[in-house]
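J.: model this:
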Amino acid sequence: MPSLFENMIRGKSCAKKDLKILEKIIENVIKEDCVSDDLYDVKSFDDYTYIHCLDTGIMATYLAMCMKYNIKEIKQIGLTGMLHDIGKIKISNDIINKKGSLTKEELVIIKKHPIYGYNILKKIT
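T.: Here you go, the predicted structure:
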């Protein structure tokens, strides 16, 4: 799992294979019709951001199921949740993990993460 974000950033061909890992997590949520704490037993680039992305994807998947979306839509919603902050990988850990308020300059930098995420994912899909 830790290689997933790195592969996406570098646009490696194995990044598509890594997306399948996320799909399997989503499929597990769909199959079990619940959320398991076992899914949190992973580490990555930044633990907080990683767990936040995983949690967002899992909760989005479950919410989409409850709203009776079809399987394809549920998977898309779950993947979107899991990858919504992928662009933060392009930002210094000093900013991502900073205790306290960000400076104006740091806020400008952090607000670029959706653009970075788009560019990362554009290379893959």
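J.: Can you tell me which helices and strands the helix or strand where Q76 lies packs against?
T.: With elements taken from DSSP states H and E, the one containing Q76 is helix 71-83. Under the contact definition 3 or more CB pairs under 8 Å, 6 or more residues apart in numbering; DSSP states H and E, helix 71-83 sits against helix 14-32, helix 47-66. (Each C-beta comes from the backbone N, C-alpha and C, glycine too.)
J.: Enumerate the positions of the last one that are buried.
T.: Same thing as helix 47-66. Counting neighbours by 16 or more other CB atoms under 10 Å, one finds that the buried residues in helix 47-66 are 49-50, 52-54, 56-58, 60-62, 64-65.
J.: Could you identify which of the helices and strands packed on helix 71-83 has the lowest mean pLDDT?
T.: If the helices and strands packed on helix 71-83 are sorted by mean pLDDT, helix 14-32 sits at the bottom with a mean of 73.
J.: Run through the neighbouring helices and strands of it.
T.: If you count contacts as 3+ CB pairs under 8 Å, 6+ apart, helix 14-32 packs onto helix 2-10, helix 47-66, helix 71-83, helix 113-124.
J.: any idea how far N70 is from E105?
T.: Counting by CB to CB, to the nearest Å, the gap between N70 and E105 amounts to 44 Å.
J.: D85 too?
T.: In this structure, D85 and E105 are 20 Å apart, going by CB to CB.
J.: Compare neighbour counts for these two and give me the winner.
T.: Between D85 and E105, counted using other CB atoms under 10 Å, D85 has the larger neighbour count: 21 against 9.
J.: check contacts around that one.
T.: Taking CB atoms under 8 Å, 6 or more residues apart in numbering as the definition of contact, the neighbours of D85 are T49, H52, C53, T56, H113, G117.
J.: Quick check on it: phi, psi?
T.: phi -110, psi 20 (degrees, to the nearest 10).
J.: so how far is C66 from it?
T.: Using CB to CB, which is the criterion applied here, D85 is 23 Å from C66.
J.: cool, T103 as well?
T.: When distances are taken as CB to CB, T103 and C66 turn out to be 40 Å apart.
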